[in-house]
Structure formats: C-alpha cells, structure tokens
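Trainee: can't give you the sequence, but here's the structure:
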C-alpha cells in the first residue's frame, strides 16, 4: 500500500519556493521559525531580497519597503548569522527622514553586514547627499567596486 500523505517539505525546493511566494512576509517568517522542513525555502524568500527604508517610525510594511527604526533592522541578524547573510542576493537601502547620527550608525552596521553577503549581486543605496555622514564615500566605493577598481 502506498502512503499518499505528502508534506510540503517533501516537495522539491523550487516548488516550496513557489508556494511560499504566495504567502505574506509575516507568514513566511512564522513558517521559517516553526517548520524545520521548510526553513531553508522560507529563509530564501525572506533574505533573498531585502528592502530597507530608514525612517523614525516603527516597523511596518509600506509598498513593499520594510520601514524600520534602527532597533528593528535586519542588519544585526545579517552581521551575526553568515548563513542568512549569504542568502541575500539583492539589498536596497533607502535613507530618509533620519538624523546624520542615526544614518552613521546604520551605515556602520550596513558595512559589517555587506562583508558577509557573498551572494549579493544587486546593491542599491539611495540617500540625500546633503545628509551623507560619509562625505560621499559611499558613492565613491560603490563606483570603484562596480568599475572593478577594488
């Protein structure tokens, strides 16, 4: 007799990924914490593409951007968990509405996290040049790396 009971975790990783793409980000986060058989697929959804929009507000979703204050940032997780950091393929950071001091703190964390993102292929950092605490160095580094001058 054949056992016809099948679990989503028994399906190929590509199929798991496709199914999880239909879930909300909060549902995928719950799945990654509660279903060990789906953890890898869920974390690939959660960490594959990260949008960070810094503002002085609490965590909420705003048109697919993760709006956060510095205490809610995913950056500490990416700094301390190289496996999760290695999943990130796209990282978009939008600096807006924060002080120079707060921006400086986020940039420090961002630099540490970027060191661990070995699969990163798409990095976009949007900021107001008048509030850049690094005096334009972010843009210079990105240009030099993208031109192969690192």
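Mentor: In hand now; what should we look at? Nothing here was measured: the structure is a model prediction, and the numbers come from that model. Numbers count the residues shown, from 1 in each chain.

Trainee: give me the mean pLDDT for the lengthiest helix in the chain.
Mentor: Looking only at the chain and at elements set by DSSP state H, the helix with the highest residue count is helix 100-116. Confidence over helix 100-116, taken as the mean pLDDT, stands at 82.

Trainee: how about it, which residues are buried there?
Mentor: Within helix 100-116, the residues that qualify as buried by neighbour count (16 or more other Cβ atoms under 10 Å) are 102, 103, 105, 106, 107, 109, 110, 113, 114, 116. From N, CA and C alone the C-beta is placed, and that goes for glycine too.

Trainee: which strand or helix spans residue 45?
Mentor: Residue 45 belongs to helix 39-48 when elements are defined using DSSP states H and E.

Trainee: okay, buried residues for that helix please.
Mentor: When neighbours are counted by 16+ other Cβ under 10 Å, the buried residues of helix 39-48 are found to be 41, 42, 43, 44, 45, 46, 47.

Trainee: packing partners for that helix?
Mentor: The helices and strands touching helix 39-48, judged by 3 or more Cβ pairs under 8 Å, 6 or more residues apart in numbering; DSSP states H and E, are helix 13-20, helix 25-34, helix 82-85.

Trainee: follow-up on the earlier one: same list (the buried residues of helix 39-48) but as TSV, adding distance to residue 17.
Mentor: Formatted as TSV, the buried residues of helix 39-48 follow (distance: Cβ to Cβ, whole Å):
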residue	distance to residue 17
41	5
42	9
43	11
44	6
45	7
46	11
47	12
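
Trainee: can you list those residues in a markdown table and add distance to residue 75 and pLDDT?
Mentor: As requested, the buried residues of helix 39-48 are exported to a markdown table (distance: Cβ to Cβ, whole Å; pLDDT from 0 to 100):
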| residue | distance to residue 75 | pLDDT |
| --- | --- | --- |
| 41 | 23 | 91 |
| 42 | 20 | 92 |
| 43 | 16 | 92 |
| 44 | 19 | 91 |
| 45 | 19 | 91 |
| 46 | 14 | 91 |
| 47 | 12 | 93 |
